[in-house]
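>>> I need the structure of the sequence given here:
(one chain, ligands or ions: 2)
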Amino acid sequence: MVEFCPDCSNLLRRQFINGSRILVCRCGFQKDLSLNVEDIKKDARLKEEALDKNLIIVSQEDKISVNPQVKKYCPKCTSKEAEAWQEQTRSADEPSTSFFRCVECKHTWREY
Ligand SMILES: [Zn+2]
Ligand SMILES: [Zn+2]
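Ligands and ions are numbered 1, 2, ... in the order given. This is a model prediction of the structure:
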């Protein structure tokens, strides 16, 4: 994973200092990777906010191999195969949303 400095936008470099992994920048910015609980919480909140705004965030890495492929017509191209998965949006008493991603053009859409 590549990260950039929030201060000067340079590429951060990984270093091991006293057994902890940190990212450092030429400008002096440091980020401790062993203390990323807050980041994880922030990520979860960002994802929630994105879903609220009807944006779809799909992480290519963790979706690509685990989702079953189904027969589904892509609305963008002529492909008839798509990956399918479901996600619970907002609260548990709302029905989960089905997501599909075309195996050809990677177009992602959802159905209720
Ligand atoms: Zn910097
Ligand atoms: Zn397609």
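>>> contacts, neighbours, all on C-alpha from now
Noted.
>>> quick one: the helices in this protein?
Along the chain, the segments classed as helices by DSSP state H run 37-52, 60-64.
>>> how about the residues of the protein near ligand 2?
Applying C-alpha under 5 Å from the ion, we find that the chain lies next to ligand 2 at 74, 76-77, 102, 105.
>>> if I pick residue 112, what's in contact with it?
Neighbouring residues of residue 112 by C-alpha atoms under 8 Å, 6 or more residues apart in numbering: 95-98.
>>> distance of it from residue 83?
As judged by C-alpha to C-alpha, to the nearest Å, residue 112 and residue 83 stand 16 Å apart.
>>> same check on residue 4?
The value you get for residue 4 to residue 83, if C-alpha to C-alpha is used, is 31 Å.
>>> the two: which is more packed in?
The neighbour count for residue 4 versus residue 83, taken as other C-alpha atoms under 10 Å, is higher for residue 83 (21 against 14).
>>> let me know the pLDDT of that one.
Looking at residue 83, its pLDDT is 93.
>>> in this protein, what secondary structure element scores lowest on mean pLDDT?
helix 60-64 (a mean of 52; mean pLDDT, DSSP states H and E).
>>> and the nearest residue in space to residue 31 that is not next to it in sequence, what does it touch?
Sequence neighbours aside, residue 23 is the residue nearest to residue 31 in space, at 5.0 Å (criterion: C-alpha to C-alpha, 6 or more residues apart in numbering). If you count contacts by C-alpha under 8 Å, 6+ apart, residue 23 has them with 12-15, 30-33.
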